[in-house]
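J.: Give the three-dimensional model of this entry:
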Amino acid sequence: MMDKTLRWVATCLLILITLVFVHLGLAVISGQTNTLFETFLDTTWPRVAVDEAVASGAEAREELAFTILNYGITALGTAWVACFAYLIVMRNQQRQAEQQLSMERLRLTAELDESILEILDSDSVYEIDSAGKVARTKLLSACDRNTVWRGGADREWNYRDGERTTPFVETSKSVSASAEVGLTALHRYLGWIRRIVRAVETHVLLEKDVLLFWRWVVIGCYRNRYPFLCSIFFKDDLKDFVRLVDQIVLTGEKTGSGKDFVKYLRSVGDPSLISELSKEARAIVERGE
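T.: Numbers count the residues shown, from 1 in each chain. I've put the predicted structure just below:
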């Protein structure tokens, strides 16, 4: 904000001083320099005062006015150069900052893609057979919409290979009903969500960039998953998740994208999550086709 104000002030001064020099230049070209000087002389030291002064006063009057004019033109020229230099430097700095921000944005989006794929590819689901033997499988296998998670967790943890786990399956065709999920992967997933929200807040990512990640955000929106996560991490820990879902819905509506995300929320989205969205986002989700 301060940079914009300074840039605006410098631009106005530059325009004003330029107009003054244009006026002086036109006076020189048209041969009106003496008239201009006389006008300035009468303004700074009116002739009435001279008539009442001694004869030598006229010469002092002209000398003083000429000195003021010289110093004034010098000051205006210095100010013009300073304003012009400031605007050039600020423009170059702004261009460099925009280039650096674009590179950071590109790096961050690629890094976020790699991070979520790594999280979903982790062996964070533990399947236990009737003999008590544990087999680990990918988290992604339990994130499809046909796997219905429990509506909450009893917070009575189990420990598998040093990992704290909890049962999470209500019905599924991909994993067994006795499967348990490791909490580290869920922590990392919420950390990934939080990182996107902070990047948008600090303007490293643009608002429209959230639409790049909707396919990975929607897996936490399926029925029962939001209350399940709330029962583990508490509701306050999922505020960033709700904010990101809200932003994807609103940004998608604004840009005409992200319609599939809204369709998923309408068909298999968790009602308690939808109720936490803003009034505008809820209206978009609840609106018919």
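
J.: got the contact list for residue 177?
T.: Taking C-beta atoms under 8 Å, 6 or more residues apart in numbering as the criterion, residue 177 is in contact with 169, 170, 171. Heads up, the C-betas are built off the backbone N, CA and C, glycines and all.

J.: got the contact list for the host helix or strand of residue 267?
T.: Taking DSSP states H and E as the criterion, the element that holds residue 267 is helix 259-268. Residues external to helix 259-268 that are found in contact with it (C-beta under 8 Å, 6+ apart): 145, 214, 217-218, 221-223, 245, 248-249, 252-253, 274, 284-286.

J.: how far out from the middle of the chain is that helix?
T.: Here helix 259-268 is found 25 Å from its chain centre; the criterion is C-alpha atoms, centre = their mean, to the nearest Å.

J.: after that helix, next one along is what?
T.: On the C-terminal side of helix 259-268, the nearest following helix or strand under DSSP H and E is helix 271-276.

J.: what's whatever helix or strand comes next after that following helix packed up against?
T.: Where DSSP H and E defines the elements, the next helix or strand beyond helix 271-276 is helix 279-286. Counting contacts by 3 or more C-beta pairs under 8 Å, 6 or more residues apart in numbering; DSSP states H and E, the secondary-structure elements packed against helix 279-286 are helix 239-255, helix 259-268, helix 271-276.

J.: Highest mean neighbour count out of these?
T.: Looking across these with neighbours counted as mean count of other C-beta atoms under 10 Å, the highest average goes to helix 239-255: a mean of 19.

J.: which helices and strands sit right next to that helix?
T.: Contacts defined by 3+ C-beta pairs under 8 Å, 6+ apart place helix 239-255 against helix 183-201, helix 214-217, helix 259-268, helix 271-276, helix 279-286.

J.: Can you list the neighbours in contact with the shortest one?
T.: Helix 214-217 is contacted from outside by 116, 120, 192, 193, 241, 244, 245, 248, 252, 258, 260, 261, using C-beta under 8 Å, 6+ apart.

J.: quick one on the thing from earlier: nearest to residue 178, out of the helices and strands packed on helix 279-286?
T.: Proximity to residue 178 (C-beta to C-beta) singles out helix 259-268 among the helices and strands packed on helix 279-286, at 23.5 Å.

J.: The closest one versus helix 279-286: what angle between them?
T.: Computed with axes from the mean of the first three to the mean of the last three C-alpha atoms, to 10 degrees, the direction of helix 259-268 lies at 70 degrees from that of helix 279-286.

J.: Report the next helix or strand after the helix ranked longest in the chain in sequence order.
T.: Counting residues, the longest helix in the chain under DSSP state H turns out to be helix 56-120. Using DSSP H and E, the helix or strand that follows helix 56-120 towards the C-terminus is strand 125-128.

J.: Extract the C-alpha trace of the following helix or strand past that next one and format it as PDB.
T.: Toward the C-terminal end, the helix or strand that comes next after strand 125-128 (DSSP H and E) is strand 134-137. The C-alpha coordinates for strand 134-137 follow below in PDB (Å, rounded to 0.1, in the frame of the first residue of the first chain):
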ATOM      1  CA  VAL A 134      -1.100 -57.300   9.400                       C
ATOM      2  CA  ALA A 135      -0.700 -56.400   5.700                       C
ATOM      3  CA  ARG A 136       0.000 -52.800   4.800                       C
ATOM      4  CA  THR A 137      -1.600 -51.100   1.700                       C
END
